[in-house]
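Chemist: test case, fold it:
(chains A and B)
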There are 2 protein chains.
Amino acid sequence: MSESFRLTILGCTAATPTSTSHTSSQWLQAGNNHFLLDCAEGTQMQIRKMKLPLMKINHIFISHLHGDHYLGLPGLIFSYHLLGRTKDLHVYSPKGLKEVIDIQHEIANVKTRFNIIFHEVNYGGQKLFENNSVEVEAIKMEHSIPCFGFLIKEKTKERNIIKACIDKYKIGIDKIADIKKGADFLCDDGTLIPNSEITKEPPKPRSYAFCSDTLYTESFINQVKNVDLLYHEATFLQDKANIAKEKTHATAMEAAKVAKKANAGQLLIGHYSARYDDINEFLNEAKSFFQNTILAKEGITIDI
Amino acid sequence: MSESFRLTILGCTAATPTSTSHTSSQWLQAGNNHFLLDCAEGTQMQIRKMKLPLMKINHIFISHLHGDHYLGLPGLIFSYHLLGRTKDLHVYSPKGLKEVIDIQHEIANVKTRFNIIFHEVNYGGQKLFENNSVEVEAIKMEHSIPCFGFLIKEKTKERNIIKACIDKYKIGIDKIADIKKGADFLCDDGTLIPNSEITKEPPKPRSYAFCSDTLYTESFINQVKNVDLLYHEATFLQDKANIAKEKTHATAMEAAKVAKKANAGQLLIGHYSARYDDINEFLNEAKSFFQNTILAKEGITIDI
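Modeler: From the prediction side, this is the model:
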C-alpha cells in the first residue's frame, strides 16, 4: 500500500470568514510530512476540530500577506509556545512576515523555546524544501501583491523487490540496495536475472499544486504540467470576469482552462466570493470546460 | 423599560483556543453603545454566529497584548475594510498595538477607508471614553506585561416626569427640561408643586467591571466598589495558587475575595486554564466565598 498523499481543506472562502466558513488554509500530508498551506484566522481551531496532529507541522507555506491567508499564524505560533514546542518551525512566505511576528512577540514579551526560521519566497521555481521523499517549489502567481503558489512533488521511490525472488534466487542482503536502484542479479551459477523479473515498479510519484491567489495566467502552466491535483482559486464566475481581472482574481472557467492546458489529473476549486449563494454554480461552470473538477469544502479530505 | 445593559460572552478560555472554545472576548451593549472588550482570534466569527451587529462596534478595548486577548483584531479590521466601513474605529490598549496593525496594513498594501484611532492606556482611572449616557475608565491590573481592565458605568439619567401631571398642572413644554433636572413647578395660581410629586426616580445607573488578566490584588477595589457585575479572571483553583501567582493570574477563590471586598452585586468568572476538566469546580470554589457567582460560558448573555 502506498503512503498517504492526502489533502484536507481547513478553509476555502474568500476575503472575510463567516459564522460557518473559514478563509484560506489547507493541510497536506505526504507520508510523514505534514505541510500547512496558508493559515487564515481560526486555522488552529480547524486543525483541532478535524483532529489533525497539530504538533507534526514543521513547515508552513504562506502564499501572500493578505489577511485571509495568514492571520491564523500568530495564534498558532503562540499556541505552539504555550504547548511547549521545542522543534524548529519553518515558515515560507513573501517578504514581511518575520517583521509582523517579531513585533508581536516583542510587545507580548514572548521568547519562543523553538526557532522560527523564515524563508523568503522570491521567484517561481524556487526550491523551498526537499527531503528524501518530497520536494516543494514556489509557483509565481499574478496578484495585487507578491504571491506564490506551491508545488509539492513526491520523489520517485526505489523499485520494490518481489519477496519470493529473494528465496528463489538466494539474493544476499548486500545486493538489495543495488537491486532496488535497478541492478540485475547474478546468481551463483552465473545466470543473470534481469531486474524487471525480481522487482516491481515503485508507485508513481504524486504531485499537488496549490495556486492561490491569482488572475488567469498561463505563465506557470509548464511548471504544473501533468500535476495529479491542481487547486486553482475561482473567486468569481464568468459573469464577473471583469471584476475578477480588476481584483487580480480568477473565474471558475479560467481555473478550468489552466487545468486543461496543464493536463491536470483533477481540478479542485475554491476561494469563492461571498457574492454567490450557491457554490455549485462554480462547479457547473468549471465542469463545462474541465470535467474532472471538484469543489473545495471545509473538512473534506482528498486522497491524491 | 430601561435600556439594555447586556453582556455577551464570545470567548472565555485561557491561553490557547480549542475546537470548541475561544479565548478572551466579550460584547457589552449599553443602550446604543456597543463595546468590544478584548478581541481574541475568531472573535469576528463568534460575533456573526451570535448574530450581534458587527458594524455597530465603534470602540474596542484591549486589556493587554498577549495573543489570546487581541489576535482577532487584525482580521476584524480587514473585514471592516472589505465590508466598506467608513466610520471611525477607536481602539484602546496598552502601547504597541498601532505598530502591529500598521505593519500588517503595509505588507498587505491596504489603506482602510475608515480612520483607526489608537488610544494608549497608561494608568488606572484613566478616562477612556464618555458620551451622554456612559463612560469607560481603565482599571490597572497586575500582570506580567502592562494590562488594564475596564469599568463601564451608565450615567445617572434625568428624572422621569409623570405624564398625568403634565395635564393636571398644565406644565408648559418650556419647563420640562428643568423639572427633569429636579426643579419644582410653580402653578399659575401660585401653588408650588414639589418635584418629587411630578417626577419619578430615574433607573439606577448600572456598571460593569471587566478585570482580566491579573493576579490577586486589592489595589483596584475602591475603584470598582459596589459595581453591579464584576468579571474577574479565575485561571486556576486554590490547589494551584502558587502557579497562579507565578504566572500572574488569580484563582477562583481570589476572584471571590475581590468581589466580596468590592461589595459587587454579582461575580462572573472566566479565563479557565485547560488544566481543569470541569469548570464547575471554579464555581464551587468561588461560591464558597461569594455566593452570587456565575460562570462565563461561550454564548451566554447576562442582563445587568
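
Chemist: if I look at residue A:18, what pLDDT would I see?
Modeler: For residue A:18, the model assigns a pLDDT of 87.

Chemist: that's a strand at it, yeah?
Modeler: No - read with DSSP: H, G, I helix; E, B strand; the rest coil, residue A:18 is coil and lies in no strand.

Chemist: how about the strands in the stretch 1-150 of chain A?
Modeler: A:5-11, A:25-30, A:33-39, A:59-61, A:89-93, A:116-120, A:127-130, A:134-140, A:148-154 (DSSP state E, counting those that start in this stretch).

Chemist: and the shortest one, how far out from the chain middle?
Modeler: Centroid displacement of strand A:59-61 relative to its chain, using CA atoms, centre = their mean, to the nearest Å, is 9 Å.

Chemist: is there proximity between it and chain B?
Modeler: No - using CB under 8 Å from any CB of the partner chain, strand A:59-61 never reaches chain B; the gap is at least 16.0 Å. All C-beta atoms are positioned from the backbone trio N, CA, C, and that covers glycine.

Chemist: paired strands for that strand, with orientation please.
Modeler: Sheet pairing for strand A:59-61, assigned by DSSP bridges, gives strand A:33-39 (parallel), strand A:89-93 (parallel).

Chemist: okay, those strands, which one's buried deepest?
Modeler: Each of the strands paired with strand A:59-61 was scored by mean neighbour count; the highest is strand A:33-39, a mean of 25, by mean count of other CB atoms under 10 Å in any protein chain shown.

Chemist: could you check the angle strand A:25-30 makes with that one?
Modeler: Using axes from the mean of the first three to the mean of the last three CA atoms, to 10 degrees, the direction of strand A:33-39 lies 160 degrees away from that of strand A:25-30.

Chemist: strand A:33-39 relative to strand A:148-154, how many degrees between them?
Modeler: Angle, strand A:33-39 to strand A:148-154, by the same axes, to 10 degrees: 170 degrees.

Chemist: could you list everything residue A:25 pairs with in the sheet?
Modeler: In beta-bridge terms (that is, DSSP bridges), residue A:25 pairs with residue A:11, residue A:39.

Chemist: so what's it up against?
Modeler: Shown in contact with residue A:25 (CB atoms under 8 Å, 6 or more residues apart in numbering or on different chains): A:10, A:11, A:36, A:37, A:38, A:39, A:40, A:43, A:46, A:72.

Chemist: okay, those in a markdown table with pLDDT next?
Modeler: Formatted as a markdown table, the contacts of residue A:25 follow (pLDDT from 0 to 100):
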| residue | pLDDT |
| --- | --- |
| A:10 | 98 |
| A:11 | 97 |
| A:36 | 98 |
| A:37 | 98 |
| A:38 | 98 |
| A:39 | 98 |
| A:40 | 98 |
| A:43 | 97 |
| A:46 | 97 |
| A:72 | 98 |
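
Chemist: of these, closest to chain B?
Modeler: Checking the contacts of residue A:25 against chain B by CB to the nearest CB gives residue A:72 as the nearest, at 7.0 Å.

Chemist: count of neighbours near that closest one?
Modeler: 32 (other CB atoms under 10 Å in any protein chain shown).

Chemist: gap between residue A:214 and residue A:31?
Modeler: Going from residue A:214 to residue A:31 by CB to CB, to the nearest Å gives 28 Å.

Chemist: which one of these two has more residues nearby?
Modeler: With neighbours defined as other CB under 10 Å, residue A:214 and residue A:31 compare such that residue A:214 has more, 28 against 16.

Chemist: show me what contacts the closest residue to the more buried one other than its chain neighbours?
Modeler: Among residues not flanking residue A:214 along the chain, residue A:141 sits closest, at 3.8 Å (CB to CB, 6 or more residues apart in numbering or on different chains). If you count contacts by CB under 8 Å, 6+ apart, residue A:141 has them with A:63, A:64, A:147, A:148, A:149, A:211, A:212, A:213, A:214, A:217, A:220.
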